[in-house]
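S.K.: pasted the sequence and its predicted model underneath.
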Amino acid sequence: MKVEGNFKFLGTEEFKNKEGKSFTSAGFLQGLDVEKILLNEEHQQIIRGLKPMQDVKCVLKISINQDRTYVNLLEVVPISAK
């Protein structure tokens with residue numbers, strides 16, 4: 001299912017798994033809820049220009065199966081200040 005929403009971009013974080021492979025995640029705030037999403041290289045390029053606490057519109061794909069819920073970032077667009 002696709003979901004659109006307005007968020008505050010919190011920033012990015014890099015980490016490594018047990019095998020030493022590097023990953024980057026981004027944090028997004030909506031109300032009191034924080035969503036941490038793993039980024040692919042394309043989305044890392046888009047997010048690079050964002051500043052912490054910047055308003056953004058995100059399109060997310062949410063997939064639910066028996067074991068887990070996956071949230072994938074499809075699109076992120078800065079919201080212009082009025």
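M.R.: Cool, the structure landed.
S.K.: any idea which helix or strand in the chain has the lowest mean pLDDT?
M.R.: helix 41-47 (a mean of 88; mean pLDDT, DSSP states H and E).
S.K.: now do the same end-to-end measure for stretch 41-61.
M.R.: 17 Å (Cα to Cα, to the nearest Å).
S.K.: again with stretch 28-40
M.R.: 16 Å.
S.K.: now do it, average pLDDT.
M.R.: For stretch 28-40, the per-residue pLDDT values average out at 93.
S.K.: which residues touch it?
M.R.: Contact partners of stretch 28-40, identified using Cβ atoms under 8 Å, 6 or more residues apart in numbering, comprise 5-10, 12, 23-27, 47, 56, 58, 60, 71-73. Glycine gets a C-beta too; all of them are placed from N, C-alpha and C.
S.K.: apply 7 Å and report the result again.
M.R.: For stretch 28-40, contacts defined as Cβ atoms under 7 Å, 6 or more residues apart in numbering pick out 5, 7-10, 23-27, 47, 58, 71, 73.
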